[in-house]
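J.: What follows is a predicted protein model with its sequence.
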Amino acid sequence: MNFLPGPAQTAAICLGIALPLLLLCYARIPGIRGAGSRFRIGCATAAALFAIACAVLPGERRIDDVAGGILLLATAMLLVYVFWGLLAWGFTLTLLTTLAQAGRPLTEEQWAAAYTQGGDIGKFARNRLKLLLGSGMVAVTGDTIAATSSGMAIARLARLVRLATGLR
């Protein structure tokens, strides 16, 4: 029994690793606007390259190799989508869905109350602060709040990835 991946599976693994690089490349193309469009184009490119690889790779075509490759590439796309979504839409999308669920225009105060389930902007900020404190990314000293070294590292990494992928 051979446990090495077949040619199609190897191509899928390589394309899965290359997908974030494709997204970085597409960030440099001014005609591609929006994180969603960029991600869809990157996935479509990876899928097209996989289909081309399946057609041009030497050797016999085995259905189990191609099916395994499709599953590997789909898994890579889902994994990249999780990180991409967190960078591009995470918190903002949650705020948007809260506004959409209201079904009517809201003031800032009403929007904050809907998001915090009855609270105000202060409750909202305290909720976010609790998450940052609990994760060790910020520390409170007296009346001041400062980013910890791990918080600064994560913030710099997020800024770098957003800049590199054109998410700003």
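T.: Okay, I see it. Residues are numbered from 1 along each chain as shown.
J.: In this structure, where's the longest helix?
T.: Ordering each helix of the chain by length in residues (DSSP state H) puts helix 63-88 first.
J.: What is that one packed up against?
T.: If you count contacts as 3 or more Cβ pairs under 8 Å, 6 or more residues apart in numbering; DSSP states H and E, helix 63-88 packs onto helix 7-27, helix 35-56, helix 149-164. All C-beta atoms are positioned from the backbone trio N, CA, C, and that covers glycine.
J.: what's the most buried one of these?
T.: helix 7-27 (a mean of 19; mean count of other Cβ atoms under 10 Å).
J.: before we move on, back to that, where among the helices and strands packed on helix 63-88 is average confidence lowest?
T.: Among the helices and strands packed on helix 63-88, helix 149-164 has the lowest mean pLDDT, at a mean of 85.
J.: Give me the distance between that one and the centre of its chain.
T.: 14 Å (Cα atoms, centre = their mean, to the nearest Å).
J.: isn't residue 26 right up against residue 40?
T.: No. Here residue 26 lies out of contact with residue 40, judged by Cβ atoms under 8 Å, at a distance of 10.1 Å.
J.: coming back round to it: quick one, which of the helices and strands packed on helix 63-88 gets closest to residue 68.
T.: helix 7-27 (4.8 Å; Cβ to Cβ).
J.: Export only the CA atoms of the one helix or strand residue 140 maps to, formatted as PDB.
T.: Element membership for residue 140, per DSSP states H and E: strand 138-141. The C-alpha trace of strand 138-141 is given here as PDB (Å, rounded to 0.1, in the frame of the first residue of the first chain):
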ATOM      1  CA  VAL A 138      -3.900  44.400  26.900                       C
ATOM      2  CA  ALA A 139      -3.200  45.200  30.500                       C
ATOM      3  CA  VAL A 140      -4.800  47.700  32.800                       C
ATOM      4  CA  THR A 141      -2.500  49.700  35.100                       C
END
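J.: Buried ones in it, by neighbour count?
T.: By 16 or more other Cβ atoms under 10 Å, the buried positions in strand 138-141 come out as residue 138.
J.: Who are the packing partners of it?
T.: Using 3+ Cβ pairs under 8 Å, 6+ apart, strand 138-141 sits against helix 121-134, strand 144-147.
J.: Just say which of those is most tucked in.
T.: helix 121-134 (a mean of 13).
J.: contacting residues around residue 127?
T.: Shown in contact with residue 127 (Cβ atoms under 8 Å, 6 or more residues apart in numbering): 116, 119.
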